[in-house]
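A.B. asks: pasted the sequence and its predicted model underneath.
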Amino acid sequence: MATTLWMTGDEAADRLLDDDPFALLLGMLLDQQVAMETAFAGPYKIAQRLGTLSPAAIADADPEAFAALCATPPAVHRYPGSMAGRVQAVARAVVDDLDGDVTRLWTDGDPDGREVLRRLKALPGFGDQKARIFLALLGKQRDVTPPGWREAAGPYGEDGARRSIADVVDERSLGEVRETKRAAKAAARQSAG
C-alpha cells in the first residue's frame, strides 16, 4: 500500500501530490535549482491559480499567460518563465502521447522497470537522473514496482538510501537527504581540487 506523501510540509500541496500522479510528475520536473519542497509545491500553486491541473488545460493555455501565472509571487519556480515552458511541454506530451493519463507511462503494456525508465526519459525535461529518481519515487512511495525497477533506478532505488526526493517521508528524512547531497558535493569538490 502506498504511503501518504510528505514532500512539501504543506498539507494541501502534499495531498495534491498524493492524489494526482500528474502533479507528482510536475513536481519532479520542477525539482532543479530550487529546494525540493519548493519544487513539489509548484503543482499546487499552478492548480490554485489556473483552477485545474488538467494536462489539457495546461497544454492549451496561452504560453505568455501561463508564464505570468507561474511568475506570480510566490513564483512556481526560481526560473518561472523557462519552467512554465517545460511544464507546458510535459503537459502536451501527456495529452498527445498518453491521452491525458500520466499513469500510462507505467501501466501500458505491463512494462518492466527499464521500459518505464525509457518512457520517462522520453518526456521533455526528463534526463537520465531525473527519470531514475522519479522511477525510484514511484517504486518506494507509490507501489509502482514493475520487474527490475530498482535496478533501472540505479542507486536511487536502493532500499534505505537517502539520496533523493524518493526517500523523503518526513522532515527528518528530508534533512538526511540534504546531508547526503551536501556530502556528495563536498566530495566532488575535494576530488576536483
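C.D. replies: In hand now; what should we look at?
A.B. asks: go ahead and flag the most central residue of the protein.
C.D. replies: Centroid-nearest residue in the chain, with Cα atoms, centre = their mean: Met28, separated by 1.4 Å.
A.B. asks: helices or strands up against the top helix by length along the chain?
C.D. replies: The longest helix of the chain (DSSP state H) is helix 171-192. Other elements packing on helix 171-192 under the criterion 3 or more Cβ pairs under 8 Å, 6 or more residues apart in numbering; DSSP states H and E are helix 36-50. Every residue, glycine included, has its C-beta placed from N, CA and C.
A.B. asks: after the helix it packs on, which helix or strand is next?
C.D. replies: helix 55-60 (DSSP states H and E).
A.B. asks: against which helices or strands is the next helix or strand along the chain from that following helix packed?
C.D. replies: Going down the chain from helix 55-60, the next helix or strand is helix 63-71, by DSSP H and E. Identification of packing neighbours for helix 63-71 by 3+ Cβ pairs under 8 Å, 6+ apart yields helix 36-50, helix 80-98.
A.B. asks: a markdown table for these, including distance to Asp20, mean neighbour count and mean pLDDT?
C.D. replies: Output for those, formatted as a markdown table (distance: least, Cβ to Cβ, whole Å; neighbours: other Cβ atoms under 10 Å; pLDDT from 0 to 100):
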| stretch | distance to Asp20 | mean neighbour count | mean pLDDT |
| --- | --- | --- | --- |
| helix 36-50 | 7 | 22 | 97 |
| helix 80-98 | 12 | 20 | 97 |
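A.B. asks: out of those helices, nearest to Ala23?
C.D. replies: helix 36-50 (3.9 Å; Cβ to Cβ).
A.B. asks: okay, angle between the closest one and helix 63-71 too, please.
C.D. replies: 130 degrees (axes from the mean of the first three to the mean of the last three Cα atoms, to 10 degrees).
A.B. asks: which neighbouring elements make contact with helix 36-50?
C.D. replies: helix 11-19, helix 21-30, helix 55-60, helix 63-71, helix 171-192.
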